[in-house]
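# Quick one: sequence plus predicted model below, questions after.
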Amino acid sequence: AQGAAGSSQPPSPKKSDPSLSATVAMALAPAFTVVSSPVSVNTPTLRGAVQQPAEGVQGPAGAGVTLAAAGLVAAAAVTRRARRAKGTAKGPVMVGASVAAEESYYRDHLVACRAQLNGVDAPTPEETDKHMEGIQAFAKQALAGASAAMLFTSSMEAAVAYPIFAQQNYANPREYTGKIVCANCHLASKSIEVRLPQAVLPDTIFKMEVEVPAKYAKRRQPLADGSKGPMNIGAIAVMPEGWKLAPKDRLPKPLKKEMKGLAWAPYSKEYPNIVVAGPVPGETYEKMVLPVLSPDPNTNDKVIFGKGIFYFGGNRGRGQVYPEGNQSNNNQFNAAATGTISAIDGLKVSITTPSGEVKTQECLAGADIVVQVGDEVTKDEPITTNPNVGGFGQEEKECILQDMNRVYAFCAFAFSCFIAQLSFVLKKKQFEKVQLAEGF
């Protein structure tokens with residue numbers, strides 16, 4: 001492996017006293033139970049590492065710092081040496097063998113240091129390797145979490161509605177009062193229109209239409225930075241248990257075309273019968289098509305034939321309250337007290353009360369201040385315009401899960417009634433003819 005990598009056997013470590021060996025072993029161990037005396041000698045260092053005089057390890061805290069430093073330096077040295085060997089090697093090179101050789105070199109150092117310990121309870125090289133693998137896995141998880149958080153926070157400014165806020169704070173989006181939790185942040189009320197079939201058969205794909213009407217081409221709302229932008233919309237559908245989003249592989253082509261690429265997603269793993277969509281541009285998806293797969297009571301004991309109630313919610317525009325409870329800039333701001341407007345500094349309005357106290361009302365970017373210095377205002381009187389042009393609406397619909405056996409039974413009953421009535425009519429006609437023939 002060393003010949004393939006183009007590197008020679010590194011020099012063996014110098015022989016050191018037992019206290020030095022104990023210090024090195026403690027620096028590479030996952031846990032420390034032995035504390036050595038301070039020592040300052042020249043020890044073999046890794047290439048690329050900063051050489052500093054060794055200091056005694058005092059307690060678990062110092063040992064942990066030494067372990068972290070040794071692990072980072074060793075990983076950096078192995079990486080640099082592997083890259084250097086790969087770049088300078090000529091002809092076919094076995095990169096895996098080079099890396100293995102470098103790792104075995106530092107492992108030999110560890111084994112040699114441990115062999116020099118006399119009666120010191122030091123961990124085995126296998127235990128140290130396992131501990132280093134755990135540190136690497138934790139570092140990867142931390143890096144992935146930081147990347148996801150950065151991506152989420154960087155995209156929040158561009159979006160104007162987030163169903164994920166409700167998903168994170170509420171296990172069930174429909175409260176016992178019937179209100180959908182989206183109304184907790186979207187305080188304005190706007191109506192929506194929902195259309196769905198009167199009855200469907202089991203294991204059938206059908207569509208529901210959720211229309212969120214508004215003049216999206218003309219109306220603009222304030223974004224997070226105060227500038228004006230188009231409105232986005234979102235929708236939620238709470239269906240009875242057993243009803244769920246239709247699978248993509250069973251969607252017919254005409255239905256896919258009507259959806260215009262709109263993506264619906266289950267609210268959570270516990271509630272696949274609740275689906276959400278958005279935020280999406282309102283100009284494109286004013287009419288949102290939802291493909292639904294009806295359940296089959298023959299295969300699902302929890303579902304029965306009969307009428308089911310569906311609850312829908314649709315929102316256009318940004319909300320007035322964030323999940324943390326603070327106001328957004330999509331609000332109309334009111335006077336904090338009764339008095340006279342004494343100063344207007346940008347978005348801060350100062351009001352002087354009759355007692356001489358000055359109260360400041362800070363208005364967020366997005367609304368226009370409509371008062372001037374010297375105006376008399378009363379408490380809770382609007383001092384800005386209302387920039388909100390959106391709102392949230394709810395709708396409730398019914399749909400029947402129909403059983404074909406019931407349909408056949410109804411047809412048979414209706415046909416029997418028809419035959420009975422026809423027989424009565426014919427018998428009456430016959431009786432009338434007999435009466436006429438007999439002279440009655």
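The structure has been received and is ready for your questions.
# what about the helices in the chain?
If DSSP state H is used as the criterion, the helices of the chain fall at 2-5, 18-28, 59-88, 95-115, 125-155, 163-169, 253-259, 404-437.
# Residue 222: what's its closest spatial neighbour, skipping adjacent residues?
Closest residue in space to residue 222, ignoring its immediate chain neighbours: residue 366 at 3.1 Å, by C-beta to C-beta, 6 or more residues apart in numbering. Quick note: C-beta positions are derived from backbone N, CA and C, even for glycine.
# could you list every residue that touches that neighbour?
With C-beta atoms under 8 Å, 6 or more residues apart in numbering as the criterion, the residues that contact residue 366 are 222, 223, 226, 329, 330, 331, 387.
# and stretch 225-243, which residues are buried?
Neighbour-count burial for stretch 225-243, with 16 or more other C-beta atoms under 10 Å as criterion, is recorded at 231, 232, 233, 234, 235, 236, 237, 238, 239, 240, 242, 243.
# which two from those end up farthest apart in space?
Across the buried residues of stretch 225-243, the longest distance by C-beta to C-beta is 34.3 Å; it joins 231 and 242.
# which regions of the stretch 51-200 of the chain lie under the pLDDT threshold?
Regions of the stretch 51-200 of the chain meeting the criterion pLDDT under 70 cover residues 51-126, 128, 144-162.
# same thing but 90
Counting by pLDDT under 90, the ranges of the stretch 51-200 of the chain that qualify are 51-171, 176.
# follow-up on the earlier one: tabulate the buried residues of stretch 225-243 in a markdown table, adding columns for distance to residue 251.
Conversion of the buried residues of stretch 225-243 to a markdown table gives the following (distance: C-beta to C-beta, whole Å):
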| residue | distance to residue 251 |
| --- | --- |
| 231 | 28 |
| 232 | 24 |
| 233 | 22 |
| 234 | 21 |
| 235 | 18 |
| 236 | 20 |
| 237 | 17 |
| 238 | 22 |
| 239 | 17 |
| 240 | 21 |
| 242 | 19 |
| 243 | 16 |
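# Out of the residues you listed, flag the one nearest to residue 301.
Comparing those against residue 301 with C-beta to C-beta picks out residue 242 as the nearest, at 10.1 Å.
# and the gap between the closest residue to the closest one other than its chain neighbours and residue 349?
Here the nearest residue to residue 242 in space, its sequence neighbours aside, is residue 295; by C-beta to C-beta, 6+ apart that works out to 3.4 Å. Relative to residue 349, residue 295 is positioned 57 Å away (criterion: C-beta to C-beta, to the nearest Å).
# again, but for residue 310
When residue 310 is compared with residue 349 (using C-beta to C-beta), they lie 46 Å apart.
# more crowded one of these two?
residue 349 (25 against 20; other C-beta atoms under 10 Å).
# The more buried one is in contact with residue 367, isn't it?
No: contact status for residue 349 versus residue 367: not in contact, 11.4 Å apart, counting by C-beta atoms under 8 Å.
# Number of residues surrounding residue 427?
Residue 427 has 10 neighbours, counted by other C-beta under 10 Å.
# show me what contacts it?
By C-beta under 8 Å, 6+ apart, no residues touch residue 427.
# Any stretches of the stretch 301-440 of the chain with poor pLDDT?
301-302, 322-327, 346, 361, 365-367, 428-440.
# can you give me the strands in it?
306-316, 339-345, 348-352, 358-362, 376-377, 391-401 (DSSP state E, counting those that start in this stretch).
# winner for burial among those strands?
Mean neighbours per residue, mean count of other C-beta atoms under 10 Å, is largest over the strands of the stretch 301-440 of the chain for strand 306-316, with a mean of 21.
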